[in-house]
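Enquirer: Build the 3D model from these lines:
(one chain, ligands or ions: 1)
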Amino acid sequence: MAEPIPTAADVERAWHDNTLAQVLYHDWEADTYDQKWSISFDERCITYARDRFEAVAGSAGWPYETALEIGAGTGFFSLNLKQAGVVDEVHVTDISPGMVRAARRNAHMLGFEIGGQVAPAERLPFGDASFDLVVGHAVIHHIPDVELAFREMLRVLRPGGRIVICGEPTRIGDRIARTLSRATWWTATRLTRLPPLAQSWGRPAEELDESSRAAALEAVVDLHTFDPATLAATVRRAGAEDVRTVTEELTAAWFGWPVRTLEYALNPDRLGWRWAMFAYRGWLGLSALDRQLSRVVPEELYYNVSVTGRRPADVERM
Ligand SMILES: C[S@@+](CC[C@H](N)C(=O)[O-])C[C@H]1O[C@@H](n2cnc3c(N)ncnc32)[C@H](O)[C@@H]1O
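Expert: Numbers count the residues shown, from 1 in each chain. Model prediction:
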């Protein structure tokens, strides 16, 4: 069953306790998360997960025998990587009990079982050298001490094992995306208050209030954006070698964020299948364009950054 939307008092307490904020917000999101982010476990998302992984870490060594996902949410990344043949045995961790439950349920529906534990990425409940691969997607921007989390990921990796973290917001890309989203929200919510549109296109006021409270809590849980070079330096400082970053999505993010914001702001019954196809095909086409543009556009302007690195194979860790 879905957790209730946090109250205004919860949001107030969460301002002073970031761990509480992360658990409240993500527990509340857990049962509707896949729908909210259009997450599926079919070819569309399998391809997405495999392509993100391959873009930064290549395809050598597939399948990794044992993989751990940190901040796994409902299992979007590791369950789709398993289906893509990138990983074999999957363990997930997340700070939110609701998310771990959802990930295990999704795996079960796909016909396999996974290990699942509630744990912060900074204190993983596994012995040293337990995994061949540690992955994460859209998670480290929520973690207060990012370097500590990378140290912990390296600790649970076997010597020579790899970390792959994808889908993190860049500093400049995120600023542009948020500005576009805010402008879209402002325009759409005002237009749909006008009498001819309110009935059919508007969302009920209480749903809009709920979205606004969720957005307030989102501002508390989103802790970082990253400059690619600074992120790579953090991962090296934590003890990794062969560190590399890749950025993706420029015009695709400028298109995708306003589209997603409209989906929140408008009556969902009005946006049917044609809209979904327009959104998906538009994003795909622009992503392809962005790959071409990456030859001339500075990487910092792109929205997503991925990073990979390895635990050194032949030296004792400090
Ligand atoms: C934006 S969601 C991404 C979920 C999933 N990886 C995906 O891509 O769909 C971020 C996830 O990180 C989790 N999280 C936040 N802080 C964490 C921490 N310190 N340690 C582990 N997980 C954390 C949240 O509970 C949430 O499930």
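Enquirer: Please count neighbours and contacts with C-alpha atoms only from this point.
Expert: Noted.
Enquirer: where does this protein come near the ligand, residue by residue?
Expert: Within reach of the ligand by CA under 6 Å from any ligand atom, the chain has these residues: 22-23, 26, 70-73, 76-77, 94-96, 99, 120-121, 136-139, 142-143.
Enquirer: Just the ones in helices from the residues you listed, please.
Expert: 22-23, 26, 76-77, 99 (DSSP state H).
Enquirer: Among those, which one lies nearest to Leu262?
Expert: Proximity of those to Leu262 (CA to CA) peaks at His26, which lies at 21.9 Å.
Enquirer: Leaving out chain neighbours, which residue sits closest to the closest one?
Expert: Using CA to CA, 6 or more residues apart in numbering and skipping residues adjacent in sequence, the residue nearest His26 is Ser96, 6.1 Å away.
Enquirer: What residues does the residue in the stretch 201-318 of the chain that the ligand sits nearest to make contact with?
Expert: Closest contact between the stretch 201-318 of the chain and the ligand, by CA to the nearest ligand atom, is at Val221 (7.6 Å). Residues near Val221 by CA atoms under 8 Å, 6 or more residues apart in numbering: 18, 21-22, 25, 142.
Enquirer: Can you spell out which helices and strands pack onto the helix or strand that contains Ile46?
Expert: Assigned by DSSP states H and E, Ile46 belongs to helix 43-57. If contacts are counted by 3 or more CA pairs under 8 Å, 6 or more residues apart in numbering; DSSP states H and E, helix 43-57 sits against helix 76-83, strand 157-169, strand 241-248, strand 304-310.
Enquirer: would JSON lines of those with mean pLDDT be doable?
Expert: Converted to JSON lines, the helices and strands packed on helix 43-57 look like this (pLDDT from 0 to 100):
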{"stretch": "helix 76-83", "mean pLDDT": "98"}
{"stretch": "strand 157-169", "mean pLDDT": "98"}
{"stretch": "strand 241-248", "mean pLDDT": "98"}
{"stretch": "strand 304-310", "mean pLDDT": "98"}
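Enquirer: you'd agree Ala102 is in a helix?
Expert: Yes: assigned with DSSP: H, G, I helix; E, B strand; the rest coil, Ala102 falls within a helix.
Enquirer: I figured Ala188 was touching Glu263, is that so?
Expert: No: with contact defined as CA atoms under 8 Å, Ala188 does not count as touching Glu263 (10.1 Å).
Enquirer: Could you report the pLDDT at the closest residue to Trp201 other than its chain neighbours?
Expert: Here the nearest residue to Trp201 in space, its sequence neighbours aside, is Asn267; by CA to CA, 6+ apart that works out to 5.2 Å. Per-residue pLDDT puts Asn267 at 83.
Enquirer: For Asn267, grab phi and psi.
Expert: Here is the backbone geometry of Asn267 (degrees, to the nearest 10): phi -60, psi 120.
Enquirer: How about Arg193?
Expert: phi -90, psi -10.
Enquirer: for the one 3 residues further on, same thing?
Expert: Summarising the backbone geometry of Pro196 under the convention degrees, to the nearest 10, its torsions are phi -70, psi -20.
Enquirer: can you check Val92 too?
Expert: According to degrees, to the nearest 10, Val92 has phi -120, psi 150.
Enquirer: ok, what's across the strand from it?
Expert: Beta-bridge pairing of Val92 under DSSP bridges involves Glu69, Gly116.
Enquirer: Please verify my assumption that it contacts Pro120.
Expert: No: the pair Val92 and Pro120 fails to qualify as a contact (CA under 8 Å) at a distance of 11.2 Å.
Enquirer: Identify the contacts common to these two.
Expert: Common neighbours of Val92 and Pro120 (CA under 8 Å, 6+ apart) are 70-71.
Enquirer: So which of those two has more stuff around it?
Expert: Val92 (28 against 17; other CA atoms under 10 Å).
Enquirer: pLDDT wise, what is that one at?
Expert: So, for Val92, pLDDT stands at 98.
Enquirer: And Arg175, how far from Thr225?
Expert: From Arg175 across to Thr225, the span is 9 Å (CA to CA, to the nearest Å).
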